[in-house]
Structure formats: C-alpha cells, structure tokens
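> From the sequence below, what's the structure:
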Amino acid sequence: MKLLHGRSIRGVAVTLSLAILVIAAGAGAAVDRTKKPELGPPPALKLPKVQAQKLSNGLEILVVEMHEVPVVDVTIALRAGAVRDPDDLPGLATFTANMLDEGAGTRSALALAEEVGFLGATLTANAGTENAVVQLHVPRRGLEPALDLMADMVLRPAFADSEVARQRDLRKAGLVQLRDQPTAMAPIAFNAIVFGTSHPYGRPVGGNEASTEKLTRDRVRGFHEAYYRPANARVLVVGDITLADARKLFEARFGSWKAGTVPPLPVVQPPPPAPRTFYLVDKPGAAQSVIRIGHPGVPRTTPDYPAIMVLNTILGGSFTSRLNNNLRETHGYTYGAGSQFEMRRLAGPFRASASVVTAKTDSSIIEFFKELRRIRDEKVPATELEKAKSLLALGLPGDFETTAGTAGQFLDLVVNDLPLDSYDSYVQKIMAVTADDVQRLAKQLIDPDHFAVVVVGDRKQIEAGIAALKEGPTSMRDLWGAEAR
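Numbers count the residues shown, from 1 in each chain. Presented below is the predicted three-dimensional model:
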C-alpha cells in the first residue's frame with residue numbers, strides 16, 4: 001500500500017471520513033456559544049475510609065487504603081511543635097526535628113540519605129507551630145527497609161555534637177540572612193505583635209540569636225525524650241497497604257517504643273485586640289513594602305469552618321478574589337494580594353497581606369481597608385457566592401488524587417482532633433452556605449477597628465504617607481515585634 005508522508009492512503013481516508021461525520025453532527029446540533037454552559041451540582045465525593053488500630057504500647061495507626069498505585073505515604077505526627085518550646089529557648093522544637101535526619105541508628109547523615117535515595121524514597125522531618133512531622137513516601141516494594149530508617153530517625157536519632165554545632169551555625173547564618181528578606185521578617189513581627197511573646201503563637205518558631213546560642217546536644221536530647229512518645233503521636237498510612245499489614249510492620253519497629261508520660265499542651269487565650277495601630281519595621285532601601293493586616297481569629301475546630309472558607313475565598317483566598325482583583329488587576333500595586341484564616345488547635349491569626357511597590361504603600365492600605373470593610377457592610381451577590389462555593393466544592397476531589405494529597409488532607413483532621421469522616425459532609429456544608437452566613441461571619445471575625453497593620457519597608461519613604469491616612473497611631477518595631485526607635 002502506498003504511503004503519503006508516512007501514513008497509508010487508507011488511514012488518511014478513514015481520518016477524513018471521521019472528520020466529515022463530526023462536522024455533520026455538529027452542524028445539526030443547536031449550540032448557543034453566547035452563553036456559558038450551566039454547571040450541574042457537584043457529584044458526591046466518595047472517599048476511602050480511615051481504619052484505626054492501636055499497637056501494644058498505645059500508638060494509634062490510621063490506615064487509608066489506596067491500591068491503584070504501588071506507593072505508600074507514612075506520616076508520624078507528634079505534638080512536639082513550637083508550642084512546646086521553653087520560654088527561654090524558642091526554636092528548640094524546630095531544631096530538634098531538623099536534627100532527626102542528621103544521623104540516626106548506626107548511620108551518619110550521609111549514609112542515611114544514601115539509603116533513602118537507593119530506595120527511591122523521600123524521608124523528611126520538620127516542625128511547625130503545633131506539631132513535628134516525619135514523612136515517608138516510598139514505592140511499596142521498599143516500604144520495609146524504609147520503615148527501618150524511619151524508626152531510627154524517630155526513636156534513635158544520634159544528635160552528635162558535631163552535627164548539633166553545624167546545624168547551630170547554619171541557623172545563625174539563616175538569622176543573618178533573614179534580615180535581608182522582608183517577606184520573612186513580616187510574619188515574625190506580625191505574630192509577635194498580635195499575640196505577644198507570652199503566647200506560644202507569638203514566639204519565633206525558628207528561634208532568635210540569643211536562643212540559638214543555647215542550643216546544645218543536652219537540650220535537644222532532653223526535648224526529644226520528653227515529647228517524642230507514643231502517647232504524643234499518631235501514625236497515618238496512606239497507599240497500597242492493608243490495616244493488618246500496617247499493624248504488623250509498625251508493631252515490629254515501634255512496638256517497643258516506651259509510652260512514658262507527656263506534659264499537657266498549653267492552653268492560652270490570645271490577648272484582646274488593641275485599637276487599630278500601624279507598626280512599622282524599618283528596612284532601608286526596600287523596593288517593596290510587605291503588608292500584614294489582622295488580629296486573632298478562630299481555632300480549626302470551629303463549626304463555622306465551611307462558611308469561613310467561603311468567606312475567605314471571596315475576600316482573598318483565590319486568584320479572582322476581591323483583594324487580588326483590586327490590588328493586582330485594577331491598580332497594579334502588587335503581584336498578588338490575599339487573606340487567610342490560619343486555623344490551628346488554638347485561635348490562630350486572621351490576616352490580609354501583600355507585597356506592594358513602596359511608592360504605593362499608603363494607597364494599597366486604602367484599598368485593603370476598602371475591601372475589608374465592604375465584605376462586612378455589603379451582602380455578597382448571589383453570583384459571587386455561588387462561584388466561591390463551586391470553586392471549593394469542585395476543587396476538593398483533586399486534593400485526594402494522590403496518596404500524598406490524601407495524606408495531607410487527613411493529616412489536617414488528625415492533628416486538630418477532628419472527626420475522620422469530616423470530608424464526607426464537607427461539600428454539602430459548603431453548598432449550604434448563604435450570603436447571610438458570610439456577612440455574619442465577616443462582621444464577627446473581621447474587625448477593622450482592631451487591626452494590627454504591620455508594614456516592613458523603607459521608613460523614610462512610607463511613614464509620612466501612612467500617618468496622612470489618619471487611620472490610627474504609628475509605632476516603630478523591630479524584627480521581633482519589640483519597640484524600636
């Protein structure tokens with residue numbers, strides 16, 4: 001058979017015939033291209049169930065079976081975050097977590113990394129405000145040797161003096177670099193100002209210069225022995241594994257982990273919000289001003305969570321949100337503006353934020369206040385409300401496409417002690433949110449009269465413009481939120 005540019009004549013003929021049929025079918029269909037297609041209701045989301053079982057030492061194992069791909073994600077979550085830091089040593093929790101992979105069991109840091117790489121796995125450890133998390137992603141065939149490495153990291157970290165000293169020096173260097181990064185400075189100052197340094201959310205999770213000097217092997221090991229305990233941990237396993245297999249594998253490696261006793265978590269109420277004040281952190285020569293506006297918010301356990309997500313999606317939680325559309329698309333002051341309710345075990349902060357061109361700092365604040373007041377004072381139009389609800393409802397299934405994504409979603413429930421079937425009714429709750437709900441929560445949770453407005457930028461260029469707004473007094477602060485001249 002003859003070829004035409006590498007294709008058979010018969011193949012070309014078949015392709016042309018199919019094209020003619022498609023055109024003919026399209027000609028007979030009445031398609032009104034002036035109207036957007038109507039979206040139907042979001043389909044029901046069917047998620048795999050979370051199965052739970054405890055080891056002999058009380059360690060709880062949670063398993064989500066996903067057998068489509070031969071991979072497994074294992075997450076060990078410990079309530080050993082920065083809220084556990086001693087008053088005199090902020091940064092100890094994050095430093096301890098960072099040390100877990102710097103040698104464990106009989107392996108040096110390099111040997112540990114080489115074995116993880118040989119298995120085609122990733123194995124990381126880090127800590128945040130509330131929790132320390134050790135995470136493993138591995139092909140199913142390498143799960144057992146990878147769990148051996150994970151067990152060494154969690155139960156038998158070396159904490160060698162040489163590695164402690166090296167990591168301490170790296171943290172010191174990072175703190176020096178921090179002062180040249182306004183986007184990293186702003187959240188530290190904001191948290192300290194909003195919560196105060198007596199609240200665990202007000203202290204720097206990465207420590208400061210004084211606390212870094214105090215990091216020693218004894219302090220790190222003491223923290224590990226106090227808080228890395230089965231009673232303070234939960235294990236989430238997602239992927240190509242059964243509950244029975246998971247229990248057997250973990251009992252062999254973690255069953256001898258001594259339960260011990262763990263001090264209770266601190267419960268501290270945030271201070272009452274102060275009257276609206278502008279806090280300036282001077283960064284001479286800065287080309288941009290980093291703005292953080294907010295005050296204490298609500299905990300993750302709030303029953304209003306679905307409605308708050310809708311509220312925030314409209315205000316600043318999506319690319320088409322009001323804040324981004326105003327400051328970026330309409331005025332061109334920034335590459336991106338947004339807002340967030342950072343919900344944790346305790347009431348975390350609400351904040352609206354952007355990095356804006358220095359010359360437009362005062363103008364940007366005007367637009368921020370305009371949108372933050374409008375969301376309270378005016379009921380959200382029906383079309384805008386439905387758009388936000390659809391974005392949240394239709395986007396949720398994508399968060400469960402992979403084992404890693406599924407692990408991340410369920411981890412949020414685990415660390416906040418929420419029901420593990422919460423997502424089963426999440427879409428229905430989102431779709432039930434009304435405009436009245438949004439306005440009620442906006443009035444309740446967004447209080448312009450008590451905003452802390454933190455601006456990291458060039459004082460000489462922005463102070464006069466901010467004062468001219470006459471929206472509140474101005475106070476100079478340093479990186480750590482302390483008063484400065």
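> So for this structure, the centremost residue is which one?
Glu342 (8.4 Å; C-alpha atoms, centre = their mean).
> who touches it in this structure?
By C-beta atoms under 8 Å, 6 or more residues apart in numbering, the residues touching Glu342 are 297, 348-351. Where you see a C-beta, it was placed from the backbone N, CA and C, and this is true even at glycine.
> out of everything not next to it in sequence, what's closest to Tyr201?
Leaving out its chain neighbours, the residue that sits closest to Tyr201 by C-beta to C-beta, 6 or more residues apart in numbering is Phe195, at 4.5 Å.
> In terms of pLDDT, where does that neighbour sit?
For Phe195, the pLDDT comes out at 96.
> how about it, what does it touch?
201-202, 270-271, 296, 349.
> and the two most separated of the residues you listed?
Spatially, the most separated pair among the contacts of Phe195 is Pro271 and Pro349, at 12.3 Å (C-beta to C-beta).
> ok, of the contacts of Phe195, which one's closest to Asp148?
Closest to Asp148, out of all of those and judged by C-beta to C-beta, is Tyr201, at 36.4 Å.
> Hmm, Thr129 and the closest one touching each other?
Yes: contact criterion C-beta atoms under 8 Å: Tyr201 and Thr129 qualify, at 6.4 Å.
> Determine the residues that are contacts of both of those two.
Common neighbours of Tyr201 and Thr129 (C-beta under 8 Å, 6+ apart) are 83, 344.
> okay, these two: which has more neighbours?
Applying other C-beta atoms under 10 Å to Tyr201 and Thr129 shows that Tyr201 carries more neighbours, namely 23 against 20.
> And the pLDDT at the more buried one?
Tyr201 is given a pLDDT of 96.
> So what does it look like in phi/psi?
phi -80, psi -10 (degrees, to the nearest 10).
> who touches it in this structure?
Per C-beta under 8 Å, 6+ apart, neighbours of Tyr201: 83, 129, 191, 195, 270, 344, 346, 348-349.
> shared neighbours, Pro271 and Pro349?
Listed as contacting both Pro271 and Pro349 by C-beta under 8 Å, 6+ apart are 195, 296.
> Helices of the stretch 351-485 of the chain, start to end?
Per DSSP state H, counting those that start in this stretch, the stretch 351-485 of the chain carries helices over the ranges 361-377, 382-395, 403-415, 426-431, 435-445, 459-468.
> Could you save the ones you listed as CSV and add columns showing mean pLDDT, distance to Asp87 and mean neighbour count?
What follows is the helices of the stretch 351-485 of the chain, written out as CSV (pLDDT from 0 to 100; distance: least, C-beta to C-beta, whole Å; neighbours: other C-beta atoms under 10 Å):
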stretch, mean pLDDT, distance to Asp87, mean neighbour count
helix 361-377, 98, 34, 19
helix 382-395, 96, 40, 16
helix 403-415, 97, 24, 19
helix 426-431, 95, 38, 18
helix 435-445, 98, 30, 17
helix 459-468, 97, 31, 16
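> Between the ones you listed, which one is closest to Thr34.
helix 382-395 (17.5 Å).
> That closest one - contacts with which helices or strands?
For helix 382-395, the contact count by 3 or more C-beta pairs under 8 Å, 6 or more residues apart in numbering; DSSP states H and E identifies helix 305-315, helix 426-431, helix 435-445 as packing neighbours.
> orientation of that helix relative to helix 305-315 in degrees?
120 degrees (axes from the mean of the first three to the mean of the last three C-alpha atoms, to 10 degrees).
> Helix 382-395 relative to helix 435-445, how many degrees between them?
90 degrees.
> which residues of this protein score low on pLDDT?
1-29 (pLDDT under 70).
> Recalculate using a threshold of 80.
Along the chain, segments meeting pLDDT under 80 span 1-31, 36-44.
> ok, the spatially closest residue to Lys214 that is not a sequence neighbour - how many residues close by?
Computed as C-beta to C-beta, 6+ apart, the closest residue to Lys214 that is not its neighbour in sequence is Leu89, at 5.7 Å. Applying other C-beta under 10 Å, we find 18 residues neighbouring Leu89.
> Could I get the phi/psi values of Leu89?
phi -140, psi 60.
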